[in-house]
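Novice: Next comes the sequence, and after it the predicted model I'd like to discuss.
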Amino acid sequence: MEVVDPAPHFEVLSREHRTFGDLEEPWRNPEEKNGTDGEQWELVDVVLTGGAPWGFTLRGGLEYQEPLIITKVEEGSRAASAQLQVGDEIVSINAVPLSGYRQEAICLVKSSYRTLDLGLKR
């Protein structure tokens, strides 16, 4: 059996499929941007605390040729308290820029113990 190092493959994916601009931009302050179609958006950092369940549903990913979008926020949940919104696009989780794959996002969310830090395109 041959052992293959997956790291070089993930590095290439993360560079090719970033869903936001320059990584050197400050994340803590919302920034307005123009999309390629002239659409206005901003980067927002949302921090959920207290642990799972977080109270939101995620749809999309590169597997489906769609961005990672919040499709549901449970009333009274930690996500609702942190003002997560339906339609927010997740671009980073716990300061890890996403390659765009849904499974990657799910693994990062599930590995969050007490705090979940979401970088969002809103």
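Specialist: Perfect, I can see it now.
Novice: How many residues are close by residue 59?
Specialist: Neighbour count for residue 59, taken as other Cβ atoms under 10 Å: 13. Placement of C-beta: from N, CA and C, glycine included.
Novice: oh sorry, the question was meant for residue 118
Specialist: 25.
Novice: So which residues of the chain form strands?
Specialist: Assigned by DSSP state E, the strands in the chain fall at 31-34, 40-49, 56-61, 66-73, 89-93, 96-97, 115-121.
Novice: out of those, which comes closest to residue 103?
Specialist: strand 56-61 (7.4 Å; Cβ to Cβ).
Novice: Buried residues of that closest one, list them for me.
Specialist: For strand 56-61, the neighbour count (16 or more other Cβ atoms under 10 Å) marks 56, 58, 60-61 as buried.
Novice: which of the residues you listed lies closest to residue 70?
Specialist: Of the buried residues of strand 56-61, the one sitting nearest to residue 70 (Cβ to Cβ) turns out to be residue 56, at 5.4 Å.
Novice: Please give me every residue in contact with the closest one.
Specialist: Residue 56 sits next to 70, 72-74, 77, 79, 84 when contact means Cβ atoms under 8 Å, 6 or more residues apart in numbering.
Novice: Let's have the buried residues of strand 56-61 in a markdown table, adding pLDDT and distance to residue 107.
Specialist: Output for these, formatted as a markdown table (pLDDT from 0 to 100; distance: Cβ to Cβ, whole Å):
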| residue | pLDDT | distance to residue 107 |
| --- | --- | --- |
| 56 | 96 | 16 |
| 58 | 94 | 12 |
| 60 | 95 | 16 |
| 61 | 93 | 12 |
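Novice: could you redo the residues you listed as TSV and give each row distance to residue 94?
Specialist: As requested, the buried residues of strand 56-61 are exported to TSV (distance: Cβ to Cβ, whole Å):
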residue	distance to residue 94
56	15
58	15
60	19
61	18
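Novice: Relative to residue 39, which of these is nearest.
Specialist: Closest approach between the buried residues of strand 56-61 and residue 39, by Cβ to Cβ: residue 60, at 16.9 Å.
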